[in-house]
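> sequence unknown, structure follows:
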């Protein structure tokens with residue numbers, strides 16, 4: 001299982017909670033999964049514009065390790081793997097929606113509105 005190289009020292013539950021969402025691609029991935037169902041690696045890669053294989057793989061591993069995503073491998077030829085939200089991941093979606101609403105309300109005028117292809121629309 002994936003383990004971070006440097007252990008993070010967390011001093012309160014809020015820091016621990018926020019740490020689940022740190023990283024450029026983690027929130028975007030959770031937003032993709034917020035619409036329900038499971039996605040295969042290729043589908044995720046297609047929906048997230050400009051993500052590299054290394055960045056996507058790392059973000060998926062971290063979300064799996066944190067318990068927000070689950071990975072299901074099917075024994076068939078060709079192999080098939082699907083990712084989906086766990087109960088913990090589904091419980092995080094309302095938090096992200098609230099944060100998204102708050103961020104949109106106070107978005108500086110020089111910051112563009114969320115694009116449809118960024119994966120960050122809940």
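Thanks, I have it. Note that the structure is a prediction, hence the values are computed from the model and not measured. Residues are numbered from 1 along each chain as shown.

> how far does the lowest-mean-pLDDT helix or strand in the chain sit from the chain's center?
Least confident element among the helices and strands of the chain, by mean pLDDT, DSSP states H and E: helix 13-19 (a mean of 83). Counting by Cα atoms, centre = their mean, to the nearest Å, helix 13-19 is centred 15 Å from the centre of its parent chain.

> now it: buried residues?
By 16 or more other Cβ atoms under 10 Å, helix 13-19 has no buried positions at all. All C-beta atoms are positioned from the backbone trio N, CA, C, and that covers glycine.

> mind checking how far the helix or strand just after that helix is from the chain centre?
Counting by DSSP states H and E, the next helix or strand C-terminal to helix 13-19 is helix 26-33. With Cα atoms, centre = their mean as the basis, helix 26-33 stands 3 Å off its chain's centre.

> same check on stretch 94-114?
How far stretch 94-114 lies from its chain's middle: 17 Å, per Cα atoms, centre = their mean.

> what's the neighbour count on residue 100?
Residue 100: 16 surrounding residues under other Cβ atoms under 10 Å.
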